[in-house]
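Peer 1: sharing a sequence plus its predicted fold:
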Number of protein chains: 2
Amino acid sequence: MFNTAELGHKVSKSQFKEMVPALRAALLDAQATLFLEKKKSIVLLISGEDGAGKRESIGVLYEWMDPRYLSTLAFEPPSDDERERPMMWRYWRSLPPKGRIGIFAGSWYSDPIRQRIGGEISEKALEARAQQINRFEAMLVAEGAVVVKLWIHLSQDGQRKRFESLQKDPRTAWRVTPWNWERLKSYEQLRTVSSEFLRATNTHWAPWVVVEGTDERYRSLRVAQVVHAALLSAQSPSAAPMPVPAPAAEPDVDGRNVLSVLDLEQKLADGPYKKELGELQGRLSVLARDPRLQRRGLVLAFEGADAAGKGGAIRRISAALDARQFQIVPVAAPTEEERAQPHLWRFWRHMPRNGHITVFDRTWYGRVLVERVEGFCAPADWQRAYTEINDLEHELVQGGVIVMKFWLQISQEEQLRRFREREQIPFKRFKITEEDWRNREKWQAYQRAVCDMVERTSTESAPWTLVEANDKNFARVKILRTVCETLEQQLALTSTLTGSKEKEKEKEKEKEKEKEKEKEKCRSKRKPQPPAERKKKTK
Amino acid sequence: MFNTAELGHKVSKSQFKEMVPALRAALLDAQATLFLEKKKSIVLLISGEDGAGKRESIGVLYEWMDPRYLSTLAFEPPSDDERERPMMWRYWRSLPPKGRIGIFAGSWYSDPIRQRIGGEISEKALEARAQQINRFEAMLVAEGAVVVKLWIHLSQDGQRKRFESLQKDPRTAWRVTPWNWERLKSYEQLRTVSSEFLRATNTHWAPWVVVEGTDERYRSLRVAQVVHAALLSAQSPSAAPMPVPAPAAEPDVDGRNVLSVLDLEQKLADGPYKKELGELQGRLSVLARDPRLQRRGLVLAFEGADAAGKGGAIRRISAALDARQFQIVPVAAPTEEERAQPHLWRFWRHMPRNGHITVFDRTWYGRVLVERVEGFCAPADWQRAYTEINDLEHELVQGGVIVMKFWLQISQEEQLRRFREREQIPFKRFKITEEDWRNREKWQAYQRAVCDMVERTSTESAPWTLVEANDKNFARVKILRTVCETLEQQLALTSTLTGSKEKEKEKEKEKEKEKEKEKEKCRSKRKPQPPAERKKKTK
């Protein structure tokens, strides 16, 4: 969830000065429309790590907008009055009426996260809470609210720096307490819990927007942009009783994104490549025969622009594996049989059983990449697909499958070079088609779709690995190394993970035995009548 | 969930013979359209208690429809092949393609219910599973499936009788095993678990339909009717990416419903009434001062036709209570302020804190009664309201609130008599308006809405009490007795229920103390600079 918010986004003073006036005017204008039309309300949740700039973001909104129609609701630990009522009561009574914006500093997300970190509630209880929240928010949306959920994110390092700088300044030192330093220690835990909770509540009717909190100017612009987008969506005449789909992410204000920060010039010379390749393939081959893998499945998913080198990378992996153990699934346009089924059905068919490996050459992400960009499906369809895909992968991971996803990124120039090369070399020629040339024209749209995809679907349990693929040697080695390292980590977890599953299996078997015994008993007890007699009766 | 399926529905042989031919023709016709258009698929789940007639219902569908386009998927305990893949894999691969009907005998509901009864998974884990199922089904619906979930229901008594009759007949005796008899013992547990699970998965995009299983002819007709309704809904041109709303329940084939089975002639003479009333009011007055109620809230919700006697009944309750402890909320048309909020907002405002009682004279059920019948809101709005209301009440119950709901039923004749009476008696005259006369004309539509309401919202934790109200004495005593008895039961549960809450409160307090201490420490450590110096720096 947080990949896209650890890129070191920055906005210069001059750019900031240039952008603010237009944004402020647009915000005021949209806010006035909201108030006059009174068609919808905006429920704006501002969450995030301590010190990430939640307070400051609210300050910016008050400065840039008309404060008369804003109200901020800060939720401290519940008062006696609140504690003695159902948990949601205090949020219900604070909902903004139509025409207004209610800013929630602290919300229905704070308590569950805090309780989970404190060990007061179980993982399953947190999941159950997520369901209630999703239903509550769906109701709000159906009733005419636009629900905007901002998570202002700070990396652990960023958080430390921030506390230090606050403490240095006597005007702000009071804001850093020992309690904050202690929270910093539990940062990893907060990250794990909140990223899982965000995944479970990242619905298409109320999606999360994660904003990097480090740079104040970037953060302010981004928060204001998101609020502006929400205000515009509140103007839409759609009186649909069902959730408004999420707007696609705005272009990042500083042009930085997960793809632009990749250093595509990284190279690996042939000599070291051959050596490393051999070593990694050996390591993978041993890992693939690890007895613990008999209790896990493995899914390797490959996506990338045309000619990014997916096929070559996959061959380097398969070379290390036993052919009886893996299958490669090349994904093309769906067949007629597949089109008659939900879009994820054709991938489920190929999911590996324990001890097996499935390599997907292109994947279920087609819906949010090619189908989105080419308009092969309706916007509402690809917008809901992020959640559906997260659900699919969550289901796999829960079932003990290890999921790794690779995006191979090449530059536009490198792609062109490879296309030309393919035209020259006779045996590679069959690979290039009219369509390849056409797709190049939509380069920007595809890049945008990839950024959204990474933001919405890179989860803790099934993260994306972005691979700098201008140099094939470098890309192949990076992929193989990631596969080996992730496998090692995951196999180490196997015993704890599948222990319960094994137990269940044993229980199941015992039960069946008992049932058999019971059946035996009945058979002997019942003494069926001879067939002749039975016939008589049915006459 | 099961109230509407324990009414003793019955269809006579002659009625059955009369109805079947038309239904079969309609089914075949709709099925052919489905197959030719290939726009949607039907996912039909057949669940229910053992012996309720699941097998027979499937048989009827095969007999009455074209078996070429039906496929039935029975799920036994998972095979090795299935167990080694994510749980949902076997259901995914069995989904029917567009144009076809897939009948699931056993489904994604079977395992969680079984596991919860066996104590293998916690209540929270079951709730989490419900969320996954809801998202899965929403995806199916968005992808063009009509998801029909049938629960064939048999009361415990019905189940016993059924087993006995099966065992008597040598042709069917083999179907009853000792295992079945054992299951019968755990009937109560199954009922509790499954009704809770049904509530949590009773979404408006894939609602449950509970069918009484006792009478074979009734069951067959009802199942076929529901399947026919699903086939018709599959023909709708709506390509909406979001869930198709549930069709309102069909009229019951035998004219029996939760209201028609009430014996409205029940009476209580004035003598015994006065005696009982006094006793019950005394009992309630003691209960209201029970110290355990200090840790619970109480909500009494009253609905009923005009002149059904809600006001009178409420006065008999309030007479037993301390005015500082309760409030009566008369619900009229929403104010402007209330209309700017989600429809449930105006009720949340009045929810009682611990130790307090709120009596609602008309309730949040207005949306599925008057607003539905009078067309004050869109069909999609009242259709999703059932789920929203269940969520609201679930939230209350989880927060320790005791929820009782009363529907006061009078006959049309009795209503007319009371209207006339009110016109005669000067001091009652103000109560009758033009509108009252008009509403009478929609009697049937209201009765239908009440039946749907009871079917969809009578949950284990917040059940409806239907009150025969033609005789005011009888109604008032029945209500008071129900209040007293339910309160006694619920207060007995209080210690276990709120124990954890109390603990949490204590923890909370301890934490706050610690925080205070920490703050104290910082204050002394930090030694703030004198204001003069600070000013200098900010210059």
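Peer 2: Here it is on my side, so go on. Residues are numbered from 1 along each chain as shown, chains lettered A, B, ... in the order given.

Peer 1: contacts and neighbour counts: CA atoms only from here.
Peer 2: Will do.

Peer 1: which residues does residue A:92 contact?
Peer 2: Residues near residue A:92 by CA atoms under 8 Å, 6 or more residues apart in numbering or on different chains: B:345, B:348, B:349.

Peer 1: tell me, which of the residues you listed make contact with chain A?
Peer 2: B:345, B:348, B:349 (CA under 8 Å from any CA of the partner chain).

Peer 1: correct me if wrong: the second one contacts residue A:93.
Peer 2: What it means is residue B:348. Yes. Counting by CA atoms under 8 Å, residue B:348 does reach residue A:93; the two are 7.1 Å apart.

Peer 1: just say helix, strand or coil for the residue of the stretch 101-250 of chain A found nearest chain B.
Peer 2: Using CA to the nearest CA, residue A:128 is the residue of the stretch 101-250 of chain A that sits closest to chain B, at 4.5 Å. Of the three states, residue A:128 takes helix according to DSSP: H, G, I helix; E, B strand; the rest coil.

Peer 1: give me the nearest residue to it, chain neighbours excluded.
Peer 2: Nearest residue to residue A:128, sequence neighbours excluded (CA to CA, 6 or more residues apart in numbering or on different chains): residue B:128, at 4.5 Å.

Peer 1: ok, that neighbour to residue B:134 distance?
Peer 2: 10 Å (CA to CA, to the nearest Å).

Peer 1: now swap in residue A:310 and tell me
Peer 2: 36 Å.

Peer 1: more neighbours: which of the two?
Peer 2: residue A:310 (24 against 19; other CA atoms under 10 Å in any protein chain shown).

Peer 1: which among the contacts of residue A:92 end up buried?
Peer 2: In the contacts of residue A:92, burial by neighbour count holds for B:345, B:348, counting by 16 or more other CA atoms under 10 Å in any protein chain shown.

Peer 1: in terms of pLDDT, where does the residue nearest to residue A:128 sit?
Peer 2: Note on residue B:128: pLDDT of 86.

Peer 1: what do you get for residue A:192?
Peer 2: 86.

Peer 1: the residue nearest to it when sequence neighbours are not counted: what secondary structure?
Peer 2: Among residues not flanking residue A:192 along the chain, residue A:460 sits closest, at 7.3 Å (CA to CA, 6+ apart). Residue A:460 falls in the coil class when you classify it by three-state DSSP.

Peer 1: wait, residue A:460 touches residue A:1, no?
Peer 2: Yes. With contact defined as CA under 8 Å, residue A:460 reaches residue A:1; the gap is 7.4 Å.

Peer 1: who touches both of the two?
Peer 2: In contact with both residue A:460 and residue A:1: residue A:195, using CA under 8 Å, 6+ apart.

Peer 1: compare these two and say which is more crowded by neighbours.
Peer 2: The neighbour comparison of residue A:460 against residue A:1 (other CA under 10 Å) goes to residue A:1, with 22 against 15.

Peer 1: need the contact list for the more buried one.
Peer 2: A:195, A:198, A:199, A:210, A:455, A:456, A:457, A:458, A:459, A:460.

Peer 1: where does it land on pLDDT?
Peer 2: pLDDT at residue A:1 comes out at 70.

Peer 1: please apply the same query to residue A:281.
Peer 2: 95.

Peer 1: I'd guessed it sits against residue A:315; true?
Peer 2: No. Applying CA under 8 Å, one finds residue A:281 not in contact with residue A:315, separated by 11.1 Å.

Peer 1: so the two - more neighbours on which side?
Peer 2: residue A:281 (21 against 12).

Peer 1: setting aside sequence neighbours, what's the nearest residue to that one?
Peer 2: residue A:320 (5.2 Å).

Peer 1: burial measure for that neighbour, as a count.
Peer 2: Neighbours of residue A:320 (other CA under 10 Å): 18.

Peer 1: likewise residue A:176?
Peer 2: 18.

Peer 1: residue A:74 versus that one, what's the distance?
Peer 2: Taking CA to CA, one finds residue A:176 at 19 Å from residue A:74.

Peer 1: same thing with residue A:454?
Peer 2: For residue A:454, the distance to residue A:74 - CA to CA - is 32 Å.

Peer 1: leaving out chain neighbours, which residue sits closest to residue A:116?
Peer 2: Per CA to CA, 6+ apart, closest to residue A:116 is residue A:122, 6.6 Å.
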